[in-house]
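# Here you go, sequence then predicted model.
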Amino acid sequence: MSSELEEFLGAYSPPVQELARLTRALVLQVIPQAVEQVDPPSTIIAYGLGRRYADLICAIAPYKTYLNLIFSNGARLPDPEGLLAGVGKRARHVKITSSEDLQAPALRALILAALALHGEIP
């Protein structure tokens, strides 16, 4: 993990830091080719197939006691388990409060579907 990422996560509680590391591991396991970018002004860790906003697939947004896994095109994703929250025109998120949340097959399916929207066939 980069020092930039460690410095960014240092602003959060140890439990949120651990959730962020576990979420990061899941995203990179599902999308090993992802470009990771720490964006302190936006308070996110972004993942995409390039460095442009149009390349963004998902992002980790830490908060005081939980984090959101944001999907840039979440409104277009199939969500039969109803994990996605939000009402924006494009983005949706999944609230992650524990490591158990990361074990849900539906969460992995959402990441794969988000990748497929970018023309990458998992």
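Arrived safely. As the structure is a computational prediction, the values presented were derived from the model and not from experiment.

# which residues sit against the helix ranked longest in the chain?
Looking across the chain with DSSP state H, the single longest helix is helix 14-30. Residues from elsewhere that reach helix 14-30 (CB atoms under 8 Å, 6 or more residues apart in numbering): 1, 9-10, 12, 34, 36, 45, 47, 58, 60, 62-67, 69, 96-99, 102, 107-108, 111-112, 115, 122. Backbone N, C-alpha and C define where each C-beta goes, glycine included.

# Equivalent analysis for stretch 74-88, please.
Against stretch 74-88 from outside (CB under 8 Å, 6+ apart): 71, 89-95, 104, 106-107, 109-110, 113-114, 117.

# from these, which would you call buried?
Phe71, Ala91, Arg92, His93, Val94, Leu107, Ala109, Leu110, Ala113, Ala114 (16 or more other CB atoms under 10 Å).

# which pair in those residues spans the largest distance?
Greatest spatial distance among the buried ones among the contacts of stretch 74-88 (CB to CB): Ala91 and Ala109, at 18.0 Å.

# show me where this protein has helices.
Going by DSSP H, the chain shows helices at 3-9, 14-30, 105-117.

# who wins for proximity to Pro40 among those helices?
Among the helices of the chain, helix 3-9 comes nearest to Pro40, with 5.8 Å by CB to CB.

# Show me what counts as buried in that closest one.
Leu5, Phe8, Leu9.

# Which strands and helices lie in contact with it?
Counting contacts by 3 or more CB pairs under 8 Å, 6 or more residues apart in numbering; DSSP states H and E, helix 3-9 is packed against helix 14-30, strand 35-39.

# Can you give the contact residues for it?
In contact with helix 3-9 (CB under 8 Å, 6+ apart) are residues Val16, Gln17, Ala20, Arg21, Glu36, Val38, Pro40, Ile45, Pro62.

# Can you tell me which of those has the most neighbours?
Ile45 (24 neighbours; other CB atoms under 10 Å).

# about what we covered before: would you turn the helices and strands packed on helix 3-9 into TSV with mean pLDDT and distance to Gly82?
Shown next, in TSV, are the helices and strands packed on helix 3-9 (pLDDT from 0 to 100; distance: least, CB to CB, whole Å):
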stretch	mean pLDDT	distance to Gly82
helix 14-30	97	19
strand 35-39	95	28
